[in-house]
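[1] A structural model of the following input is requested.
(chains A and B)
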Number of protein chains: 2
Amino acid sequence: MNLCKKNLPIRSKYKEIAEKKCYRVHGHEGSCEEFPYLSDLSKNHPRVANKIKRDATKTTGAAWKSEDAGPNRIDRWVMLQDDEALLKFGLNMRALKPTVVAKLREKAATYNDCMDVAAKLTWLTYQMPDAPECPHEIKIYLESRFGSMTSEAATCIVCKEPLSFSLFENAQRGKAEIETAHANPREHNQENVGFAHRECNIAQGNKTLDEFYDWIAGILERARGQHSV
Amino acid sequence: MNLCKKNLPIRSKYKEIAEKKCYRVHGHEGSCEEFPYLSDLSKNHPRVANKIKRDATKTTGAAWKSEDAGPNRIDRWVMLQDDEALLKFGLNMRALKPTVVAKLREKAATYNDCMDVAAKLTWLTYQMPDAPECPHEIKIYLESRFGSMTSEAATCIVCKEPLSFSLFENAQRGKAEIETAHANPREHNQENVGFAHRECNIAQGNKTLDEFYDWIAGILERARGQHSV
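    Numbers count the residues shown, from 1 in each chain, chains lettered A, B, ... in the order given. Below you'll find the model as predicted:
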């Protein structure tokens, strides 16, 4: 599918190093839009739409926010710039703890990858068994980008159990029970990203899924004296 | 083994509802002591000794400290008191978020259980392969309370791999790589407590070990199409 990809005006403080493009179909009528496929969720489930945008495009840092103060929620592509370039924007990476820097740097991703992730997450969301119905135009758009949408295809990338749309709303200690997750936590792109239960994402930690499965197979073998291959 | 258990003077603000006893052998000479078995670690590895005391006797709350402000590091036995009693000590449980209250309440334990846990953790610590040598008198004391100490018997209660004493010193984002862990997270007593790798303890979450093993067996089965019993 050809996308418009026309450059849109940017208001961010990182303007010079930022990108913003139209992701409507090439040759569309009407005005350009960055997240055309989120129009329905933005209107009817704004928390979900905002979460998709945020997880796709921003670094986070909830866990270390309190102790090791660092900048929170920066555009992931800003983190592709070197220390010197960031200093011009008032972001002194050298003043941050090495662990904070590592955490920020591993979340770096290109604008294109982030935008692909946002669309992929939307495609996954509409496949949850109790998700709202996907408007026809959005369905055509998402299916042409990621393949056909079935009614119950969205599973946790870690435990492979179905994910419920309702988990977006449930909050435990202020955190949603569903999280954006990565088969390899250090790669933020559409092939590598999906949703997971919060507890599954936490258990996976900074391991790749393959490392995680090997690790828990070893635990089970030692704990139960079984042989898991 | 009979312990002295003589009441010792208390300086805590929770004086009226607190306990403090001597845990030296009954009929000992010299002055009473609450943690006689920690004398060596307190002197040579104070961080480890302090961690044992703290984990055994205090509630914690690192993860939720920032967002849901609640009192941190209260004696576990204080949490056995009802809301009304706590109010007299200036601790208004009703002003805290329900999730914080639940977190605090589930860490409640009697003074005796906490003291048994501290001694058990010390007994485990000295069994780590690279632990300092246990002074003879302390070894006799701990072995008579918990059984004989072997040179390499301290394993992570979750993954069953050996634990290294050196992990007490390593810190990742300010947290030790070894944590006090519970086979059942809601029971703080000597049978139920041990050490675990930080990542293992995090993965276990608030599940019991049995629940955790069942859970990861299910994950492996679905992820790899294997049958784990």
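[2] and A:Ala56, what are its phi and psi?
    Backbone torsions of A:Ala56, given as degrees, to the nearest 10, read phi -70, psi -40.
[3] read off the pLDDT value for it.
    For A:Ala56, the pLDDT comes out at 96.
[4] look up how far A:Thr125 lies from it.
    Remark: distance between A:Ala56 and A:Thr125 (CB to CB, to the nearest Å) = 12 Å. The way it works is simple: take the backbone N, C-alpha and C, and place the C-beta from them, glycine included.
[5] same check, this time on A:Ile138
    11 Å.
[6] okay, these two: which has more neighbours?
    Neighbour totals were compared for A:Ile138 and A:Thr125, and A:Thr125 leads with 25 against 18 (other CB atoms under 10 Å in any protein chain shown).
[7] not counting its neighbours along the chain, what's nearest that one?
    What sits nearest to A:Thr125 in space, not counting adjacent residues and going by CB to CB, 6 or more residues apart in numbering or on different chains, is A:Ala131, at 6.0 Å.
[8] which residues in chain A form strands?
    Ranges of strands in chain A, per DSSP state E, are A:171-172, A:175-176, A:178-182, A:193-197.
[9] can I get those in JSON lines including distance to B:Glu33?
    JSON lines is the format used below for the strands of chain A (distance: least, CB to CB, whole Å):
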{"stretch": "strand A:171-172", "distance to B:Glu33": "42"}
{"stretch": "strand A:175-176", "distance to B:Glu33": "43"}
{"stretch": "strand A:178-182", "distance to B:Glu33": "48"}
{"stretch": "strand A:193-197", "distance to B:Glu33": "47"}
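[10] least reliable of those by average pLDDT, please.
    Among the strands of chain A, strand A:171-172 scores lowest, at a mean of 58.
[11] still on that earlier bit, tell me the contacts of the residue nearest to A:Thr125?
    A:Ala131 is in contact with A:Thr125, A:Ala154, A:Phe165, counting by CB atoms under 8 Å, 6 or more residues apart in numbering or on different chains.
[12] quick check, the second one in contact with A:Gln127.
    Yes: in terms of CB atoms under 8 Å, A:Ala154 counts as a neighbour of A:Gln127; the distance is 4.2 Å.
[13] quick one: the residue lying closest to A:Asp75 once chain neighbours are set aside and chain B, what's the gap?
    Excluding the flanking residues, the one nearest A:Asp75 by CB to CB, 6+ apart is A:Thr57, at 5.9 Å. A:Thr57 sits 23 Å away from chain B, going by CB to the nearest CB, to the nearest Å.
[14] surely A:Thr57 and A:Arg76 touch.
    Yes: between A:Thr57 and A:Arg76 there is a contact under CB under 8 Å: 6.0 Å.
[15] quickly list what's touching both of those two.
    In contact with both A:Thr57 and A:Arg76: A:Cys114, using CB under 8 Å, 6+ apart.
[16] and the helices in chain A?
    Counting by DSSP state H, one finds helices in chain A at the ranges A:39-44, A:46-57, A:62-65, A:83-87, A:98-105, A:111-125, A:136-146, A:198-204, A:209-224.
[17] pick out the shakiest of those helices, pLDDT-wise.
    Among those, helix A:62-65 carries the lowest mean pLDDT (a mean of 43).
[18] A:Arg224: neighbour count?
    So A:Arg224, with other CB under 10 Å, has 14 neighbours.
[19] and the contacts of A:Ala131, which is closest to chain B?
    Checking the contacts of A:Ala131 against chain B with CB to the nearest CB, the nearest one is A:Ala154 at 14.5 Å.
[20] tell me the pLDDT at that closest one?
    So, for A:Ala154, pLDDT stands at 91.
[21] okay if I get the strands of chain A as JSON lines plus mean neighbour count?
    Shown next, in JSON lines, are those (neighbours: other CB atoms under 10 Å in any protein chain shown):
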{"stretch": "strand A:171-172", "mean neighbour count": "12"}
{"stretch": "strand A:175-176", "mean neighbour count": "14"}
{"stretch": "strand A:178-182", "mean neighbour count": "22"}
{"stretch": "strand A:193-197", "mean neighbour count": "23"}
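[22] could these go into CSV alongside distance to chain B?
    Output for these, formatted as CSV (distance: least, CB to the nearest CB, whole Å):
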stretch, distance to chain B
strand A:171-172, 7
strand A:175-176, 9
strand A:178-182, 13
strand A:193-197, 10
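[23] and the residue of chain A positioned farthest from its centre, how far from chain B?
    In chain A, A:Gly225 marks the outermost C-alpha relative to the chain mean, sitting 37.8 Å out by CA atoms, centre = their mean. Distance of A:Gly225 to chain B, given as CB to the nearest CB: 10 Å.
[24] then A:Glu169?
    Using CB to the nearest CB, A:Glu169 is found at 16 Å from chain B.
[25] next one: A:Trp77
    With CB to the nearest CB as the criterion, A:Trp77 and chain B are 25 Å apart.
[26] for that residue, grab the count of nearby residues.
    Neighbour tally, A:Trp77, other CB under 10 Å: 19.
[27] list the contacts of the closest residue to it other than its chain neighbours.
    Leaving aside its chain neighbours, A:Trp77 sits nearest to A:Tyr111 (4.7 Å; criterion: CB to CB, 6+ apart). Listed by CB under 8 Å, 6+ apart, the contact set of A:Tyr111 reads A:Ala18, A:Glu19, A:Lys20, A:Lys21, A:Asp75, A:Trp77.
[28] and if you look at A:Phe212?
    A:Phe212 makes contacts with A:Val158, A:Ala203, A:Gln204, A:Gly205, as judged by CB under 8 Å, 6+ apart.
[29] equivalent analysis for A:Pro9, please.
    With contact taken as CB under 8 Å, 6+ apart, A:Pro9 is in contact with A:Lys20.
[30] quick check: phi and psi at it.
    When read as degrees, to the nearest 10, the backbone of A:Pro9 gives phi -60, psi 140.
[31] distance of it from A:Lys20?
    A:Pro9 sits at a distance of 7 Å from A:Lys20 (criterion: CB to CB).
[32] where does A:Phe168 land on pLDDT?
    89.
[33] equivalent analysis for A:His227, please.
    For A:His227, the pLDDT comes out at 48.
[34] ok, A:Ala223 - how many residues close by?
    Using other CB under 10 Å, A:Ala223 has 19 neighbouring residues.
[35] identify the residues contacting it.
    By CB under 8 Å, 6+ apart, the contact set of A:Ala223 is B:Val158, B:Cys159, B:Lys160, B:Leu209, B:Tyr213.
[36] noted, bye for now.
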